[in-house]
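In: how would this look folded up:
(2 chains)
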2 protein chains.
Amino acid sequence: MIHQEWHLTPIGRVESPLKNTAAAPRQGDEGAPDSTLVIDEEFAAALEGINQGDTLIVLTWLHLARRDVLVVHPRGDATRPATGVFATRSPNRPNPIGLHQVQVTSVTGLCLGVRHLEAIDGTPILDIKPVLAPRISDR
Amino acid sequence: MIHQEWHLTPIGRVESPLKNTAAAPRQGDEGAPDSTLVIDEEFAAALEGINQGDTLIVLTWLHLARRDVLVVHPRGDATRPATGVFATRSPNRPNPIGLHQVQVTSVTGLCLGVRHLEAIDGTPILDIKPVLAPRISDR
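Out: Here you go, the predicted structure:
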């Protein structure tokens, strides 16, 4: 295993009115505000083809999460049974990668305006992917 | 930025009849074989609550991908216009994290049998997440 190659490179940061995790909704469809993905200039070419109206998957590094937690009460609710983190969306997990589905509201140079992102201000962005439409043969 | 904390920890590996990328379909719904997620023992507790029949999102580290590619022809088809990797599902990207939706066909100790996984044998697994059902208020 060449562990040097397992280093993550942030491709940008989230700009959001959410300033701390206490203010953030648990999921993007639970009242997350409009935010901006600010991409580093060196990755500008990788944005070519992203347009207003697109639905994207954004992967983030949840930099405030704990990596040593394996079992949680879902949504922090102690009345719910303890559950393995891989069966929950808890931010606390061995590799705290956030997965978010967003709509692109604007594309301005290196800034993508997006709707429905529950990540807090300053969260590093790891990757952006399109949501694939079902193939016609699947419909 | 504390870059030491940006190191990824594999939580397990894919066992698959797909032995190289030439054999792998481009998407899981394009004929990917049944595979097994073999989770490392130290993360056993994190699997609690995953059951046969669940739909999961698996994040992998596409360890054979190139990280210096920013623009590709989608699906390797030179007749398609060059497109930024963030607007494609190319494995080549700055952080080559694979995103796969799978169905769990069996749970046996540290092994999850899954359907529809296009990752090749030996691919490191980074994370497993449930697919969240739409909330009743969204229906």
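In: separation between residue A:40 and residue A:96?
Out: Look at residue A:40 and residue A:96: by Cβ to Cβ, to the nearest Å, they are 21 Å apart. The way it works is simple: take the backbone N, C-alpha and C, and place the C-beta from them, glycine included.
In: Work out for me the element residue A:27 sits within.
Out: Secondary structure assigned from DSSP states H and E places residue A:27 in neither a helix nor a strand.
In: Show me where chain A has its strands.
Out: Residue ranges of the strands in chain A, as given by DSSP state E, are A:12-15, A:35-39, A:55-61, A:71-72, A:83-84, A:97-108, A:111-115, A:124-130.
In: quick one on the thing from earlier: in terms of neighbours, single out the busier of residue A:40 and residue A:96.
Out: residue A:96 (20 against 14; other Cβ atoms under 10 Å in any protein chain shown).
In: pretty sure that one contacts residue A:61?
Out: Yes: if you go by Cβ atoms under 8 Å, residue A:96 and residue A:61 touch, sitting 6.7 Å apart.
In: In this structure residue A:81 contacts residue A:72, no?
Out: No: proximity of residue A:81 to residue A:72 does not meet the contact threshold set by Cβ under 8 Å, at 10.3 Å.
In: The two: who's more crowded?
Out: residue A:72 (22 against 11).
In: Could you pull up the residues touching that one?
Out: Residue A:72 makes contact with A:82-83, A:85, A:88, A:90, A:92, according to Cβ atoms under 8 Å, 6 or more residues apart in numbering or on different chains.
In: which among those residues are in contact with chain B?
Out: A:82-83, A:85, A:88 (Cβ under 8 Å from any Cβ of the partner chain).
In: give the contact list for residue A:126.
Out: Residue A:126 touches A:8, A:10-11, A:59-61, A:97, B:95, B:97, counting by Cβ under 8 Å, 6+ apart.
In: go with 10 Å
Out: Shown in contact with residue A:126 (Cβ atoms under 10 Å, 6 or more residues apart in numbering or on different chains): A:8-12, A:58-61, A:97-98, B:6, B:93-95, B:97.
In: Quick one: buried ones out of those residues?
Out: Among these, those buried by neighbour count (16 or more other Cβ atoms under 10 Å in any protein chain shown) are A:8, A:10-12, A:58-61, A:97-98, B:6, B:93-95, B:97.
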